[in-house]
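Q: The sequence and its predicted three-dimensional model are supplied below.
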Amino acid sequence: PVLLKEVLDGLSIQPGGLYVDGTFGRGGHAGAILAMLGPEGRLLAMDKDPEAVRSASKQFGGDPRFEIEQGSFVMLGNLLAQQHLQGQVNGLLLDLGVSSPQLDDASRGFSFSEDGPLDMRMDPTVGISAAQWLQNADEQEISRVLKVYGEERFSRRIARAIIALRDTQPLQSTRQLAELIAAAVPVHERHKHPATRSFQAIRIYINHELEDVTAVLQQVPDMLAPRGRMAVISFQSLEDRIVKRFIRDEYRGEQPPQAFPLAGMDYCPRLKPVGKAIRASDEEVAGNPRARSAVLRIAERLQ
């Protein structure tokens, strides 16, 4: 689990508290939280991925303090309301993006380094796969997704290449797409595969990741107990920007025009940032290169 000590310190675990892990993955953070909870503590987890839910049941299914639900963390507000737990959460963790097991399993279609079916869905039973979307989207839409969600400067070239190929054969494998992108991109960055940005963009779009992050953050103040904390780990700038702006806006409120500096002075913030953004240490990155881009932000409910 990335930034484990920093997450546990940031959440300020109370033995009898109620905690929520909205992105269980394979339970690295969840297991550490459970180890710090006493008999009265409770951990509620969620994950879109059916494999993650099965893993959770095997690891912690016998622990009465633990519960997991399959689904997007967007459902957390409703789930807590159903259990009459709104406003009682002492700590919420969101570890955004794709998990290491998903990347390492070629059959899930997230990785360009191993060949597999071009799927990329975190829940393979819901929605359309990456292959289905690429087969039917028009050139303008593909280019827009690659540019907006992957910040890919050669998005038009890649989109044209995809359209040209699919007219003769469907895109069905990750290697097929990765090789097409590598051929379409005229300039390759050092130490970065040319398909990195495009794979990220398609995955984010297929799974509605940024929309889900925005939606769940809006629910957070109502979930947390007074002095309850939220810890969010982001792995790319688009996610981190959403989290950073949300915490800032919750703390500062809507800023008045400069001409009327007293406007909005009665605003009562619901959240405050706790410290600055935290990144993985050199030692952690050396042991886990995927931690290199991780950014942890922590906020606390004030009232």
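A: Sure, I can see it. Residues are numbered from 1 along each chain as shown.
Q: ranges for the helices of the stretch 101-250 of the chain?
A: When assigned using DSSP state H, counting those that start in this stretch, the helices of the stretch 101-250 of the chain occupy the ranges 130-136, 139-150, 155-166, 174-184, 196-206, 209-223, 237-252.
Q: Nearest to G16, out of those helices?
A: Nearest to G16, of all these, is helix 209-223, at 17.8 Å by C-beta to C-beta. Every residue, glycine included, has its C-beta placed from N, CA and C.
Q: Now tell me what touches that closest one from outside.
A: By C-beta atoms under 8 Å, 6 or more residues apart in numbering, the residues outside helix 209-223 that reach it are 20, 22, 72-74, 76-77, 80, 86-87, 89, 92, 94, 96-97, 149, 203-204, 230, 238-239, 242-243, 246, 250, 270-271, 299, 301.
Q: out of those, which are buried?
A: Buried residues within the contacts of helix 209-223, counting neighbours by 16 or more other C-beta atoms under 10 Å: 20, 22, 72-74, 76-77, 80, 86, 89, 92, 94, 96-97, 149, 203-204, 230, 238-239, 242-243, 246, 250, 270-271, 299, 301.
Q: Poorly predicted segments of the stretch 101-250 of the chain, please.
A: By pLDDT under 70, the stretch 101-250 of the chain has no low-scoring segment.
Q: Contact partners for S99?
A: Contact analysis of S99 by C-beta under 8 Å, 6+ apart lists 23, 25-26, 49, 52.
Q: next one: L44
A: Counting by C-beta under 8 Å, 6+ apart, L44 touches 18-21, 67-69, 79-80, 85.
Q: Keep only those of those residues that are in helices.
A: Here DSSP state H is the test, and the contacts of L44 give 79-80 as lying in helices.
Q: Which of the contacts of L44 ranks first by neighbour count?
A: The most neighbours of any of those, using other C-beta atoms under 10 Å, belong to D21, which has 28 neighbours.
Q: Isn't that one up against L37?
A: No. D21 sits out of contact with L37 when judged by C-beta atoms under 8 Å, with a separation of 12.0 Å.
Q: shared neighbours of these two, which are they?
A: Taking C-beta under 8 Å, 6+ apart as the contact rule, the neighbours common to D21 and L37 are L43.
Q: mind listing the strands for this structure?
A: 18-21, 42-47, 66-70, 89-95, 224-234, 271-273, 278-279, 295-301 (DSSP state E).
Q: L3 is nearest to which of the helices of the stretch 101-250 of the chain?
A: L3 sits nearest to helix 237-252 of all the helices of the stretch 101-250 of the chain, at 13.2 Å, using C-beta to C-beta.
Q: Next, the angle from the closest one to helix 139-150.
A: Angle between the axes of helix 237-252 and helix 139-150 is 60 degrees (criterion: axes from the mean of the first three to the mean of the last three C-alpha atoms, to 10 degrees).
Q: contacting residues around the nearest residue to S113 once chain neighbours are set aside?
A: In this structure, S113 finds its nearest non-sequential neighbour in H193, 7.4 Å apart by C-beta to C-beta, 6 or more residues apart in numbering. Contact analysis of H193 by C-beta under 8 Å, 6+ apart lists 112-113, 178, 182.
Q: Just among those, which is most surrounded?
A: Taking other C-beta under 10 Å as the neighbour criterion, A178 ranks highest of these with 22 neighbours.
Q: Leaving aside the residues adjacent along the chain, what's closest to it?
A: Distances taken as C-beta to C-beta, 6+ apart place F112 nearest to A178, at 3.8 Å, with adjacent residues excluded.
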